[in-house]
Every structure is written in C-alpha cells, then in structure tokens.
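> predicted model and sequence below, questions to follow.
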Amino acid sequence: MTASPFLLSRKATVTIPWVTTVARLVLGGVLIVAGGLKIGNPADSVVAVKAYQLLPDSIAIAVGYALPILEIVVGLLLVVGLLTRVAGVIAGLLMFAFVFGIAWAWANGLRIDCGCFGGGGQLGAGQEPTYLLDIVRDFGLMLLGVWAVSFPPGRFALDGALGIEGGARDDEEDQ
Amino acid sequence: MNTKGGRTNTMPKSAREKIKEQQAAARARDRRKRMVTYVTAGVVAVAAVGAGWWYSAMNSKSEQAAAQLAPVTIQPDGSIAMAQAGVNSPVVDIYEDFQCPACQELERVSGPTFKNLALEGKAKVVYHPITIFSQEPTRSNSLRAANAARCITEGKQWMAFHDLLFRNQPVETETGFTPDQLKEWGKEAGVTAPDFDACVTGEKNRAAQDAYSQRVIADQKIDHTPTVKLNGTEIDNGVVFSPRQLRDEITKAAK
C-alpha cells in the first residue's frame, strides 16, 4: 500500500476518493430504495424469490423475509461510509446474485418481473419481462460495489472520520 | 563514525527509543480503539438485520388452524361461504386464483386465520375462486383446477380440495393441475360426488367458471389476486399478509 500513492498521478489521488463517494451513494441509494419498497410487504418479497424457482420453498421464505432489511442496512452503511469494504462486498455479492437469478429466469424461459423494487415477481397483463435491462443495471451496480471495495472509503465517509479504513492507513504512514 | 558515534549516541539513543516505544504504544492504543469501533459497528449492523428479519417472520407468523371448520356452504353463484349459523357480518370476501403464487402465499400465511375467525363466529368468510390469468399455460391450469373444485358438492370436501390445490400449485411456466392429479387430490380430499371423475375430465364447468370470473372481475373491479375485502372495502396487502393485524382488523369490524 505504501507504494500505490506514488504510482498514481496526483490527479488520480484526488479523483479516486470522490469516485468512491459517488459509487457508495448510488449503490447505497438504490439498495435503500429497493429494500424500502419491499419491506412493508414481506409476502410479496417471498413470492418474488419463489418466482425464480431457484431455491427450495423454506429457504426462499427465509430469504424473502431477510432481503429487504439486509438491503436497507447495507445501503445505509454505504451511504454513510461505515464499514465500507464489508458493505461493498455484501452489496456486490447481492448484485451478483441478482444478475445470476435474472439470467437464470431468462435462460429457463420464466416470464417474471424481477421483483427488484417490490411487487410479487408477477407480470401484469400485457407486460413483458425486462431481463436485459435488469441485468445491465444490476451488473453496473455490482461494478460500483467492486470499486468501493477496491478504493474505500472515499470522501465524506464515517470510516475516514473514525480512522477505520483508508484514513487510518494514511495516519500510520505519516508518522 | 563507529568510534566517535558510539559515545555521543548513547544518551540520545535511549531517548529516541523511549519516544519510539511511546509511539508504538500510541499506535497500538489507536489500533485497539479502531478495532473496537469496527466491531461495534459490525455488531450493530448485524443486529439490525437480525431484528428486521425476526420482525418480518413474526409479523407473518401463521395461526394454528383449529381441527374443525365452521360450516361450509357451496353457493349457487359459484362462491363458497364459511360461517357459523346466523353469522352474517362482518363479511370477508377472498378473491383468489388457484394458479396465482401470491394467493398460495396468502393461504400459507393467513389461511388458518380466516378459518379460525369463521369457526369462532367472528366473521362470515366467502371464497371466490376466479380465473384472472389470460395467458397460457396459467389460464388453462386455473380453469381446470376451478372446474374440478366446482365438481364438488359438499362444503368440507371443497375446503380440503381447495387446500390441496394451493399446496400443490404448479409453476407458472408449465402445464399443471392435470386431470389425473385433480382426480387424485379429489380422492385425498374425500370427495363423494359420484360423477366427480367424469366432471373433471370433461371440464363440465369450464364455461361457467370463465363467465363467473369475468363477471366478478368486472363487478368487483378486481385487478389483482389475491384481493381480500372486509365488508366490501379492500384490506391493505400489508394487513392481509400479517395474521395478527388481519385478525385485529376483522375483529374490530365485528364490534
């Protein structure tokens, strides 16, 4: 880690933390919205998970209940920049799982709504699945997670203020 | 440098070491503090997820279904009423499709609550099995299942069959509720109607079910299943899927 600041141009050292901040806010914001829209209707969430036909019912039920709150908590951590690295890993894995799930549904010819932002995973009358769009979006969000994990914690992060991550390393090297 | 420095360095060296030690101690203290902050934040986050999960699970916890049922009556229009004698209000109308996954979830989570409330004489529960799907294979799956249910002439048998249909709901992408399965579940539900098998195979009630569904969907303005109404007003989904809140809302309307 000692070497990396010297390898990067001055411009990059200034820009990278800001990019991390933007990545955190976008990824965290989307997660909070997605979880918030689902949390009032755990039944929908369960049905949406079941609709993928990927998990046995008992596990799908547990995932359906846990997913909204997990999204909200991880989203909040990312937005405030606390435990950035761990939150980024979890968010990235979630997005990877969503990409995988949607691709699976597509490949198996299921006609479902991704249930990403609430709804029970059922398409309304005359609605068409939007698999490609969903996959591209979630893949992009996954990349934001990878970025946040690679360059934590960015500006305006509690991690930095508390000296937990990133900021802490700088302190030590200054001494 | 060796001979010269050896003497002059003795004093400053120990001082420097002292400073170094102090710095090391300060760093260790710092690291410990950071570790504590880190772990604390982690524990709080995990606890929040756990608490939310637990709350969701508790909120959706099903009641234990009583061993008996309130009297179940098959009504001429195709709906099925479940109520103790003389209980006419409040009326709980359940519009559901045997092929709809959210309806399956409703039956899993809140089905026992509806049955218990009817048994306790706290509500008259009316089931309206409609076919809301317009695409295949879900539409024909739903029509076959509903047709078979209409072949049953006795209330308790109908309820047992209704429960079996939801428990064995096929996935939405495949042909399911096949005549053979339906006849099998009829046997399991103790159906005694003599022409049940022929009625299932011949889809005797298919047209009636279709006409009934279209009429109910138009009259009641149903655009999603399940729809649950309490005295004609739709109950919010969050309440419908929370047995405890559902019981409270219906009991309140009974007063």
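The structure has been received and is ready for your questions.

> tell me where chain A has helices.
A:4-7, A:10-39, A:42-51, A:57-80, A:84-107, A:131-150, A:158-162, A:167-174 (DSSP state H).

> what packs against the third one?
This means helix A:42-51. Here helix A:42-51 is seen to pack against helix A:57-80, helix B:101-119, helix B:237-240 when contacts are counted using 3 or more C-beta pairs under 8 Å, 6 or more residues apart in numbering or on different chains; DSSP states H and E. To be clear about C-beta, it is placed using only N, CA and C from the backbone, and glycine gets the same treatment.

> and what of the fifth one?
Here helix A:84-107 is seen to pack against helix A:10-39, helix A:57-80, helix A:131-150 when contacts are counted using 3+ C-beta pairs under 8 Å, 6+ apart.

> what about whatever residue of chain B ends up closest to chain A, how many neighbours?
The shortest separation between chain B and chain A is 2.9 Å, found at residue B:52 (distances taken as C-beta to the nearest C-beta). For residue B:52, the tally of surrounding residues (other C-beta atoms under 10 Å in any protein chain shown) stands at 20.

> what's the answer for residue B:195, then?
11.

> burial count for the residue of chain A found nearest chain B?
Using C-beta to the nearest C-beta, the closest approach of chain A to chain B is made by residue A:69 at 2.9 Å. If you count neighbours by other C-beta under 10 Å, residue A:69 ends up with 22.

> so what's it up against?
Residue A:69 is in contact with A:35, A:39, B:48, B:49, B:51, B:52, B:53, B:56, counting by C-beta atoms under 8 Å, 6 or more residues apart in numbering or on different chains.

> name the next helix or strand downstream of the helix or strand hosting residue B:217, please.
In this structure, residue B:217 sits in helix B:206-219 according to DSSP states H and E. For helix B:206-219, the succeeding helix or strand toward the C-terminus, using DSSP H and E, is strand B:227-230.

> now do that next one: distance to the chain's middle.
The chain centroid and the centroid of strand B:227-230 are separated by 15 Å under C-alpha atoms, centre = their mean, to the nearest Å.

> likewise stretch B:53-68?
Relative to its chain's centre, stretch B:53-68 lies at 10 Å (C-alpha atoms, centre = their mean).

> what lies in contact with it?
Judged by C-beta under 8 Å, 6+ apart, the contacts made with stretch B:53-68 from elsewhere in the structure are A:39, A:42-43, A:46, A:62, A:65-66, A:68-70, B:108-113, B:115-116, B:119, B:241-245, B:247.

> pull up the residues of the stretch 51-200 of chain B that are close to chain A.
Applying C-beta under 8 Å from any C-beta of the partner chain, we find that the stretch 51-200 of chain B lies next to chain A at B:51-53, B:56-57, B:59-60, B:100-102, B:105-106, B:109, B:134-135, B:171-173.

> try it again with 10 Å
For the stretch 51-200 of chain B, the residues in contact with chain A under the definition C-beta under 10 Å from any C-beta of the partner chain are B:51-60, B:100-106, B:108-110, B:132-135, B:138, B:171-173.

> one step back: out of the contacts of residue A:69, who's nearest residue B:191?
residue B:56 (37.5 Å; C-beta to C-beta).

> so what pLDDT did residue A:43 get?
Predicted confidence (pLDDT) at residue A:43: the value is 86.

> leaving out chain neighbours, which residue sits closest to it?
In space, residue A:43 comes closest to residue B:241 once its chain neighbours are excluded; the distance is 3.6 Å by C-beta to C-beta, 6 or more residues apart in numbering or on different chains.

> where does chain A dip in pLDDT?
For chain A, the stretches flagged by pLDDT under 70 are A:1-8, A:119-126, A:166-175.

> which ones are touching the residue nearest the centre of it?
The centroid of chain A falls nearest to residue A:91 when counting by C-alpha atoms, centre = their mean (3.2 Å). When the contact criterion is C-beta atoms under 10 Å, 6 or more residues apart in numbering or on different chains, the partners of residue A:91 are A:23-24, A:27-28, A:30-31, A:70-71, A:74-75, A:77-78, A:141-142, A:144-146, A:148-149.
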